[in-house]
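Chemist: no FASTA, just this:
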C-alpha cells in the first residue's frame, strides 16, 4: 500500500512539470445581458468545474492543451454545450436561453433555503460527495461539515452509523429525499444501513442547522437535511466503479443514463453491491441497493418516478465493549456469544439484522403561468425485516410458555432459544406546494399528509425446551399507527439590499399504540399533538463581499415510540412534547481568494428530551425530559486559496450545552449481575442536585480541516483532519463517564487518466486514520448505578464503541 501511495504521488507531481497549463474564463449571461449568478460551468464528462460569481464570471484553471466540451447550466435555462480546442488561455462568454423544458430542481424549491434565506446552511455538491465516497455511509460523508460528529458501530463507517448536529441526535434531525420525509415515523430516526450507497445517486445535499425553514415530516429540532437525487442528463453516460480495501471491503456499482431521448424522456439506473467484514468482530455487512428513475419533460411541466431500494444483512454490534475489554481486545463483540451444554464458549453466526426497504416516489410539476408553479408528490415506502438473536436462560413464562415439570422437584423454568424480532410497515402520503415568484417577491404555500402503519412482532424459531410450541410461534405482536400532517406558508421579500423572510407552519400528529409488547406487557396508548411553528428573519447584503442575517424560529417535537414504551406502566413518567426557541445571527464574507461564514446560535429548550446515557435492549437511547436547557455556540466556516494550486477549507464550532438546575433521581442496585432489569434489587434511590450540567454527547469544540493540492485540474492530494473535543455520555458531568477528545487524519490521492478508448479513468487512494489513532466515538451506560457491598463502592457498567485504526480503500472509476 505504501508503494502504491508513493507511485501515485510521484505520478501526480511529475505530471505538473511536463504539462503546459491554460485557463478558460468568461461570463454567463441571460438574453438581457444580465449576469447569471451561480451558474455551473463544467468540463463535460468530468468532475472539473466551477460556478459563476456575483458578476456572472467564471474561471477554470490548470487545464492541459487539448479538446474539451464545456457544459453550462442554470436552473430554468437551456444547458449549453460548446466544444473547444485549447492551446492557449481563452475567454469564452455564454448567453443562455430560457429552458424549453422544466428543470427537476423545482421539486425541492419550496423547502430548500435560498442564498438570501437567513438560516445557517451548508450545500454539498455531487462532486464533493464523489471525492469522499469510497464506501462510507452518509453520516461519515457529512462529518466534515460544521458541528457534525459521526459514529459507527462496525468501526469503519459501513453498517450501523449515526450522526449528531450541534449535539442533537438523528431522531431530532429532519431528513427528506426530494422533499419526501425519510425519518422513521415511530423512532423518528434514519437508518442509513437500509439505504446502502445512497450517496451515489445524490446530486446535492443541503444541511440547515438549527430549526431552519419549514419542511415535511419529522420535527427539525437541531437540523434538517434534504437530499436531491439525480437530475436528468442531457447526454447518455455510464460509470463502473469498484472499491477494495481493508477488512475485506469490496464495493461495486454501475451507474448509467439514457440522456434526454426525443427531447422529452430520460431514464437513470444504479446498482450497488457492498461487502465488508467490519473492524469489530462479526460486524459484517452484506448490502445491495438499486436506484431507478424515469422522467418525462415538457416545456411547462414534467413527470418523474423514482424507486430507491435497499437490501441489507448486517452483523449485530450495538452492544459495544466494557473498559477492561477495550484495553485488551478492541474488536471483541459479545453479540451472539453463548455457552453450550458442555460448557464450551461459542458464537451464533446468524446474530444479524436483516431488512428490505423500498421507496416509491412520483412527482409532477406544472408552471401555471410566468409567476406560479405547482409541485406535488405521492410516495410509498415498504419496509420489512427482523433481527435474530441467540438468548440464554430465558424464562419460559416470558414467552407465554408454561414451566416444564419433568418430575416432582425437577422443573425446567428457563431455556436457551433463538428468536426473531420483526418489523413490517407501510408509510405513504403526499406533499404539495404552490410557489409564486417575481423579481422582488417569492412565496411558498405547501404541506403534506403521511400515514405510518407498522406491525411489531416476535417469533421463536428454536428453543432447547418449550411446551406446546411450533417453529415461528409469536410471543408478542403490537401495532403503531401514526398520522402526520402539516401546512406552511413562506415569504421572501427583497427590499433593496434587505431580504425579509417569514414562515409559519401548523403540524398535527395522531399516534396510536396497541397490542402486546416483547415483555408481554399490554401497550394501549393514544397521543395527539397540535404544533404551531413560526419563523422570521432578515438578510442584509451590504455589498458584494459582506452580508449579514438574523432569524428567530420556534419548533415543537413529539416523543418517539421508545419514549412512550418506557413509560407504559408509570403515568408520572409519561414523556412530554418538547419546544425549541432558536436564535441565529450570521455574517458572510467573500472575495476572490477567501470565503468566510460566522454564525452564532442560541437554542433554548423547554422539556427537552435528553439521553440518560443508558440503552434499551435493542440499542435505543433512553431519554428523559428536563425542564430547562440550552445550546449555544459559534460556528466558523472558512475557505482560503493559499496558493494557485493549494486550497484550505476548515470549520470550527465552539459551544456550550447545559441542563439548568438538573436534579437526578439515581437508583442504585445490588451487584448481582443480570441482563434482566426485573431481576435487579434496588438498594436505594438518591436525589442528586447537579446544578448546571453538561448535556450528554455535546462536545464543546469540534474542528475540521482540509488541504487540497491540485497539481492540475481534476487531480488532487488531500489531507483531512477532524478533531472532536471531550464529551460526556450521561448528563452528570462525571469524569468517569466521559469520552476523551480525539484527532484523526485522513488522506486521499486522486488521479485522472483520459485514454482514447474511454472518456476517463479515475483512480483514488484513501487512507483513513493515517496515524493509527486508538479512539472511541460513542459510549453508553448499561442499567444505571450498582453497589458493591464488599467494597462499599458504587459503579456503572460503561460500554464503548472503538473505531478502526489505519485502514485504506482503493477506488477505480471508469466513465464512458
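Modeler: Arrived safely, thanks for sending. Predicted, not measured: the structure shown is a model, and the values here were computed from it. Numbers count the residues shown, from 1 in each chain.
Chemist: Where does pLDDT dip in the stretch 301-450 of the chain?
Modeler: Regions of the stretch 301-450 of the chain meeting the criterion pLDDT under 70 are absent.
Chemist: For it, which segments are assigned as helices?
Modeler: Under the criterion DSSP state H, counting those that start in this stretch, the stretch 301-450 of the chain contains helices at 323-328.
Chemist: The stretch 551-700 of the chain too?
Modeler: Taking DSSP H, counting those that start in this stretch as the criterion, the stretch 551-700 of the chain carries its helices at 561-566.
Chemist: Over to the stretch 101-250 of the chain?
Modeler: Listed in chain order, the helices of the stretch 101-250 of the chain (DSSP H, counting those that start in this stretch) span 126-132, 138-141.
Chemist: for the record, mean pLDDT for the last one?
Modeler: Average pLDDT, helix 138-141: 95.
Chemist: and of the helices of the stretch 101-250 of the chain, who's closest to residue 285?
Modeler: helix 138-141 (13.5 Å; C-beta to C-beta). To be clear about C-beta, it is placed using only N, CA and C from the backbone, and glycine gets the same treatment.
Chemist: can you list the residues that contact the closest one?
Modeler: Here helix 138-141 makes contact (C-beta atoms under 8 Å, 6 or more residues apart in numbering) with 129, 132-133, 150-152, 157, 161-163, 192, 195, 198-199.
Chemist: what's the offset of it from the middle of its chain?
Modeler: How far helix 138-141 lies from its chain's middle: 6 Å, per C-alpha atoms, centre = their mean, to the nearest Å.
Chemist: rewinding a little: which one of the helices of the stretch 101-250 of the chain is the most hemmed in?
Modeler: Highest mean neighbour count among the helices of the stretch 101-250 of the chain (mean count of other C-beta atoms under 10 Å): helix 138-141, with a mean of 24.
Chemist: thinking again about what came up before, max pairwise distance over the contacts of helix 138-141: which two?
Modeler: Pairwise over the contacts of helix 138-141, using C-beta to C-beta, the maximum falls at 129 and 151, 19.8 Å.
Chemist: Between the contacts of helix 138-141, which sits nearest residue 437?
Modeler: Nearest to residue 437 out of the contacts of helix 138-141 is residue 129 (C-beta to C-beta; 28.6 Å).
Chemist: ok, now which ones touch residue 173?
Modeler: Counting by C-beta under 8 Å, 6+ apart, the residues that residue 173 touches are 163, 165, 183, 190, 220-225.
Chemist: hang on, I meant residue 386
Modeler: Taking C-beta under 8 Å, 6+ apart as the test, what residue 386 contacts is 353-355, 420-423, 459.
Chemist: Dump these to JSON lines, plus neighbour count and distance to residue 235.
Modeler: Putting those into JSON lines (neighbours: other C-beta atoms under 10 Å; distance: C-beta to C-beta, whole Å) gives the following:
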{"residue": "353", "neighbour count": "23", "distance to residue 235": "40"}
{"residue": "354", "neighbour count": "17", "distance to residue 235": "40"}
{"residue": "355", "neighbour count": "18", "distance to residue 235": "36"}
{"residue": "420", "neighbour count": "18", "distance to residue 235": "48"}
{"residue": "421", "neighbour count": "18", "distance to residue 235": "48"}
{"residue": "422", "neighbour count": "16", "distance to residue 235": "45"}
{"residue": "423", "neighbour count": "17", "distance to residue 235": "42"}
{"residue": "459", "neighbour count": "18", "distance to residue 235": "51"}
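Chemist: If we only consider those, which is nearest to residue 807?
Modeler: Using C-beta to C-beta, residue 353 comes nearest to residue 807 of the contacts of residue 386, at 22.8 Å.
Chemist: Would you check how far apart the closest residue to that closest one other than its chain neighbours and residue 537 are?
Modeler: Once flanking residues are discounted, residue 353 sits nearest to residue 387: 4.3 Å by C-beta to C-beta, 6 or more residues apart in numbering. With the distance defined as C-beta to C-beta, to the nearest Å, residue 387 ends up 44 Å from residue 537.
Chemist: Compare neighbour counts for the two and give me the winner.
Modeler: residue 537 (23 against 20; other C-beta atoms under 10 Å).
Chemist: That one touches residue 583, doesn't it?
Modeler: No: using C-beta atoms under 8 Å, residue 537 is not in contact with residue 583, being 9.8 Å away.
Chemist: which residues do those two both contact?
Modeler: 550-552.
Chemist: most neighbours, which of the residues you listed?
Modeler: In these, the most neighbours by other C-beta under 10 Å go to residue 551, 25 neighbours.
Chemist: Helix or strand: which one has the closest residue to that one other than its chain neighbours?
Modeler: For residue 551, ignoring the flanking residues on the chain, the nearest one in space by C-beta to C-beta, 6+ apart is residue 537 at 2.9 Å. Taking DSSP states H and E as the definition, one finds residue 537 inside strand 522-541.
Chemist: Now the residue most central in space within the chain. Nearest residue, chain neighbours left out?
Modeler: Geometric centre of the chain, nearest residue: residue 139, 4.4 Å, by C-alpha atoms, centre = their mean. Leaving out its chain neighbours, the residue that sits closest to residue 139 by C-beta to C-beta, 6+ apart is residue 163, at 3.6 Å.
Chemist: Is it correct that that neighbour is in contact with residue 150?
Modeler: Yes: using C-beta under 8 Å, residue 163 makes contact with residue 150 at a distance of 4.5 Å.
Chemist: which neighbours do these two share?
Modeler: Contact criterion C-beta under 8 Å, 6+ apart; residues bridging residue 163 and residue 150 by contacting each: 139, 142-143.
Chemist: need the residues you listed in TSV with distance to residue 344, can you?
Modeler: Listed next are those as TSV, based on distance: C-beta to C-beta, whole Å:
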residue	distance to residue 344
139	38
142	44
143	42
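Chemist: quick one: the closest residue to residue 287 other than its chain neighbours and residue 169, what's the gap?
Modeler: Spatial nearest neighbour of residue 287, chain neighbours left out: residue 196 (3.6 Å); criterion: C-beta to C-beta, 6+ apart. Using C-beta to C-beta, residue 196 is found at 22 Å from residue 169.
Chemist: same deal with residue 296?
Modeler: Per C-beta to C-beta, residue 296 is found 40 Å from residue 169.
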